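[1] here's a sequence, model it:
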Amino acid sequence: MTVLTPELMVRAYASGYFPMADSEEDGAVYWYRPKLRTVIPIVGLHVPRRLQRTLRSGRFESRFNAEFEAVVRACADREEGTWLSEEIIQVFLELHGLGRAYCMSVYREGRLVGGIYGMMLGRAFFAESMFHRHRDASKVALVELVNWLRERSFLLLDAQFMTDHLRQFGAYEVEDTQYEELLNRALRLGADADPLVAQLLG
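    Alright, predicted model coming up:
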């Protein structure tokens, strides 16, 4: 059985693969590279009008990279089960410590109510999961993450699989070959500032 390490994760994501566990209890990890990949537009994100009003209201406060472990564990805490095994959680905590994994956390009245996390390589962000404990909190996290990525000229926001939740933001699917092209462009754009990415690209 493959042991997840930060190095393995970086190499896998740079090659277009990501891990998912069969279940939280089982813990067996499988690697995926879907024929259709979901991408969220960093430029041209569609924000529904009601959500725009929510963002302007000031009801939520967003903080980049705050309470990373709490965000990840909240994403794993689902009644319907989760693909986030403890092994995957632990390797993401290691990646966070190495400056490879980040989150956008959302608060209301000082309490963590939503968030999204993922891994960053070059100018690509690989969104793993999101959660909410208050209506719209995960949507706010996504919009604020996209704003953060746009300000830093990121090229790719990978969301893995399509959902109705993502479709409302203008998320779209690309064929594997097109995804590979997007991924390689995003990695090359960030290679100058990221020696490991430069090494992976050869």
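
[2] which residue is nearest the middle of this structure?
    For the chain, residue 127 is the residue whose C-alpha lies nearest the centre (CA atoms, centre = their mean; 1.3 Å).

[3] quick one: residue 187 and residue 37, what's the gap?
    To residue 37, residue 187 is 15 Å away according to CB to CB, to the nearest Å. Yep, even glycine has a C-beta here, placed from its N, CA and C like the rest.

[4] strands along the chain, start to end?
    Secondary structure of the chain (DSSP state E): strands at 18-21, 29-32, 36-39, 61-64, 101-108, 111-121, 124-132, 156-160, 172-175.

[5] now those strands as JSON lines including distance to residue 200 and mean pLDDT?
    Listed next are these as JSON lines, based on distance: least, CB to CB, whole Å; pLDDT from 0 to 100:
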{"stretch": "strand 18-21", "distance to residue 200": "16", "mean pLDDT": "90"}
{"stretch": "strand 29-32", "distance to residue 200": "17", "mean pLDDT": "90"}
{"stretch": "strand 36-39", "distance to residue 200": "19", "mean pLDDT": "97"}
{"stretch": "strand 61-64", "distance to residue 200": "25", "mean pLDDT": "98"}
{"stretch": "strand 101-108", "distance to residue 200": "17", "mean pLDDT": "98"}
{"stretch": "strand 111-121", "distance to residue 200": "8", "mean pLDDT": "97"}
{"stretch": "strand 124-132", "distance to residue 200": "12", "mean pLDDT": "96"}
{"stretch": "strand 156-160", "distance to residue 200": "15", "mean pLDDT": "97"}
{"stretch": "strand 172-175", "distance to residue 200": "21", "mean pLDDT": "97"}
